[in-house]
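Q: here is a sequence together with a model predicted from it:
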Amino acid sequence: MISKPKGTVDLTDKRARVFKYVEEVIDSCMEKYNYNYIRTPIFEASLLFHRGIGNSTDIVTKETYDFKDRGDRSITLRPEGTAGVVRSYIENKMYGTHNLPVKVYYNGTMYRYERPQKGRLRELSQYGVEVLGSSDPMMDAEVISLAYNINKMLGLDDTVVHINSLGDKESRDKYREALKSYFKPYLDDLCDDCKERFDKNPLRIIDCKVDSDKDYFKDAPKILDYLNEESKEHFEKVCEYLDILEVKYVIDSKIVRGLDYYNHTVFELMTTDNNLALGGGGRYDNLVSTLDGPSTACVGFAVGLDRLVDEIIERDIDNVRNDIDAFIMYVNEDEKKNAIYLANLLRMSGFVIETEYTERSLKSQFKRADYFNSKYLILLNSDDLNEGLITIKNNKTKEEEKIMMEYVIYYFDEHISDDNLPVEEYHNHSEGCDCDE
Ligand code: HAM
């Protein structure tokens, strides 16, 4: 047997249904916030990620799937979505539009060679948004509240946004120096990764998972104390707008993020019962110019769909339909033709219908109907059909009644609760099936 590669998942059954449901909530929310869907390639030139995400980051040094294609080009499977969107923004000259900011969202698989464990996959799915062309703190607040509100819509009411500011370059440079002088006496005591970070990216020492419990970490300098006036003002505005949007947030000086492109606002989405972030993002005003585009202020985030779906399944809070409206039962060929006809008619009118496909006893058909939690059963028999009648049984109360087949849509419209898609047309009520002519 050939097994799936380590760190990948098959989406099946309940997990697949919850996944689809989450995607539907995301799509409908994005429409309300007026974000356009964007789809960029799953593989890109390796240089894009090396330059975009940063050569010293864990993602680029340890986690990318790199290969040479048959034309000897260096290719990387995308480890995240931002760099590809920015490349597309530049390549398609979206900055030329009068409609800045460009607001886009995506949903797709990303690839990171991580040690597989719960919440850490090698093929992961993210949905995310990128806003290109606005430096206004209102935009940071909209993006944060969008991620927060989607979590709330999905029933994750205990979501809290952990927010911090990395300030502008001047503030960060000052902070970097302060960090280096602070940690210098402890250098020998730091973990191997942090020893390396000390020179390349001292900010990442702050979110070290190995050393963070050590006493001297608690007194380490905090970036917010190093922000210049402009950076401070930006951050205060973001918080003020988040208050208006009623987003629950805490200021958390440990949030520094693992990708190099951030400045000013950075944030992560946490829930109370999980210490893995569900999502994260922030402002990245220099990435477009790093990738040779015109200077463009940007902000965005991505949420791990796999982690989101895990949380929803563990808490049993999905609103996923796991029942059908009706199961159509029959035993002979004439009845089967009517079943085919009726299933088509009802499905096209917005109802969720299943029927039998192989010759099976009525007993096993009842079992199948129960397996699908069918609300109603439609029982077809030739004698009734000759008089234009069908039997409909409420599978819960077990009450049944005979109705004229031509009224079946009216019947279901009246009896099925309105959690279905709206039935927009009641046209062409069945005149009965012509099948036996
Ligand atoms: P990130 O923090 O690297 O940010 O990833 C965002 C989310 O993707 C994480 O919070 C997590 O839920 C999920 N994720 C990351 N790695 C894995 C993994 N190995 N397995 C499962 N889930 C994972 C970014 O990717 C940025 N591009 C976000 C962004 C967009 N910033 C600005 N715009």
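A: Noted; the coordinates are in hand.
Q: near the ligand, which residues of the stretch 301-437 of the chain? Just list them.
A: With CB under 6 Å from any ligand atom as the criterion, the stretch 301-437 of the chain meets the ligand at residues 301-304, 306-307. The way it works is simple: take the backbone N, C-alpha and C, and place the C-beta from them, glycine included.
Q: list the buried ones in stretch 22-39?
A: Under the neighbour-count criterion of 16 or more other CB atoms under 10 Å, stretch 22-39 has 22, 25-26, 29-30, 35, 38 buried.
Q: meant to ask about stretch 355-370
A: 355-356, 365-366, 368-369.
Q: out of these, which sit inside helices?
A: By the criterion of DSSP state H, membership of those in helices covers 365-366, 368-369.
Q: mind listing what's buried along stretch 277-297?
A: 277-288, 291, 293, 296-297.
Q: coming back round to it: check the residues of the stretch 301-437 of the chain next to the ligand against residue 90 and report the nearest one.
A: For those, the residue nearest residue 90 by CB to CB is residue 302; the value is 19.5 Å.
Q: just list whatever residues bridge to that closest one.
A: Judged by DSSP bridges, the bridge partners of residue 302 are residue 128, residue 280.
Q: for it, grab the count of nearby residues.
A: Neighbour count for residue 302, taken as other CB atoms under 10 Å: 23.
Q: show me the contacts for the residue in the chain positioned nearest to the ligand.
A: With CB to the nearest ligand atom, the shortest gap between the chain and the ligand falls at residue 304, namely 2.4 Å. By CB atoms under 8 Å, 6 or more residues apart in numbering, the contact set of residue 304 is 119, 124-126, 278-279.
Q: tell me the confidence at the closest residue to residue 38 other than its chain neighbours?
A: Leaving aside its chain neighbours, residue 38 sits nearest to residue 104 (4.1 Å; criterion: CB to CB, 6 or more residues apart in numbering). Per-residue pLDDT puts residue 104 at 98.
Q: looks to me like residue 104 is in a strand.
A: Yes. With DSSP: H, G, I helix; E, B strand; the rest coil as the criterion, residue 104 is part of a strand.
Q: now the helices for the stretch 201-350 of the chain?
A: Ranges of helices in the stretch 201-350 of the chain, per DSSP state H, counting those that start in this stretch, are 215-218, 229-244, 287-290, 305-315, 333-348.
Q: is the third one in proximity to the ligand?
A: No. With CB under 6 Å from any ligand atom as the threshold, helix 287-290 lies outside contact range of the ligand, at a closest distance of 8.7 Å.
Q: returning to what we had before: widest-spaced pair of the buried residues of stretch 355-370?
A: So for those, where distance means CB to CB, the most widely separated pair is 355 and 366, at 13.2 Å.
Q: how about the residues of the stretch 101-250 of the chain near the ligand?
A: 112, 114, 119-121, 124, 126, 128, 130.
Q: of these, which belong to helices?
A: Those of those lying in helices (DSSP H): none at all.
Q: PyMOL command to pick out the buried ones of the residues you listed?
A: Only the buried entries of those go into this PyMOL selection, using 16+ other CB under 10 Å:
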select buried, resi 112+114+119+121+124+126+128+130
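Q: so where's this structure uncertain?
A: 417-437 (pLDDT under 70).
Q: list the helices and strands the longest helix seen in it packs on?
A: Across the chain, the longest stretch assigned as helix under DSSP H is helix 13-32. Other helices and strands packing on helix 13-32, by 3 or more CB pairs under 8 Å, 6 or more residues apart in numbering; DSSP states H and E, are strand 102-111, strand 123-132, helix 137-153, helix 305-315.
Q: wait, does it contact the ligand?
A: No. Shown here: helix 13-32 not in contact with the ligand (CB under 6 Å from any ligand atom), separated by at least 12.8 Å.
Q: so that helix versus strand 102-111, what angle?
A: Relative orientation of helix 13-32 and strand 102-111, computed by axes from the mean of the first three to the mean of the last three CA atoms, to 10 degrees: 160 degrees.
Q: run through who's touching the helix or strand just after helix 13-32.
A: Once helix 13-32 ends, the next helix or strand along the chain (criterion: DSSP states H and E) is strand 36-37. Residues from elsewhere that reach strand 36-37, judged by CB under 8 Å, 6+ apart: 27, 30, 102-106.
Q: one more pass at 10 Å, please.
A: With contact meaning CB atoms under 10 Å, 6 or more residues apart in numbering, strand 36-37 is reached by 27, 30-31, 102-107.
Q: these: which two are farthest apart?
A: Longest span within these, CB to CB: 27 and 102, 18.5 Å.
Q: for stretch 327-338, buried residues please.
A: Quick answer for stretch 327-338 (16+ other CB under 10 Å): 327-331, 334-338.
Q: what's the answer for stretch 232-242, then?
A: Under 16+ other CB under 10 Å, the buried positions of stretch 232-242 are 234-235, 237-239, 241-242.
Q: how far away from the center of its chain is it?
A: Distance of stretch 232-242 from the chain centroid (CA atoms, centre = their mean, to the nearest Å) equals 26 Å.
Q: next: stretch 349-365.
A: 34 Å.
Q: need the CA coordinates for that stretch. PDB is fine.
A: Taking C-alpha atoms only, stretch 349-365 is exported to PDB below (Å, rounded to 0.1, in the frame of the first residue of the first chain):
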ATOM      1  CA  SER A 349     -35.900  23.400  -6.400                       C
ATOM      2  CA  GLY A 350     -33.300  23.600  -3.700                       C
ATOM      3  CA  PHE A 351     -34.000  20.500  -1.600                       C
ATOM      4  CA  VAL A 352     -31.300  18.000  -0.500                       C
ATOM      5  CA  ILE A 353     -32.400  14.600  -1.900                       C
ATOM      6  CA  GLU A 354     -30.900  11.100  -1.900                       C
ATOM      7  CA  THR A 355     -32.300   8.000  -3.500                       C
ATOM      8  CA  GLU A 356     -31.400   4.400  -4.100                       C
ATOM      9  CA  TYR A 357     -29.100   3.500  -7.000                       C
ATOM     10  CA  THR A 358     -28.900  -0.300  -6.800                       C
ATOM     11  CA  GLU A 359     -31.700  -2.900  -6.400                       C
ATOM     12  CA  ARG A 360     -32.000  -3.200  -2.600                       C
ATOM     13  CA  SER A 361     -34.700  -4.300  -0.200                       C
ATOM     14  CA  LEU A 362     -36.900  -1.700   1.300                       C
ATOM     15  CA  LYS A 363     -35.400  -2.600   4.700                       C
ATOM     16  CA  SER A 364     -31.900  -1.600   3.500                       C
ATOM     17  CA  GLN A 365     -33.300   1.500   2.000                       C
END
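Q: from the buried residues of stretch 355-370, pick the one nearest residue 65.
A: Using CB to CB, the buried residues of stretch 355-370 come closest to residue 65 at residue 368, 42.8 Å.
Q: residue contacts, residue 303?
A: Applying CB under 10 Å, 6+ apart, the residues contacting residue 303 are 22, 26, 107, 125-129, 147, 150-151, 269, 277-281.
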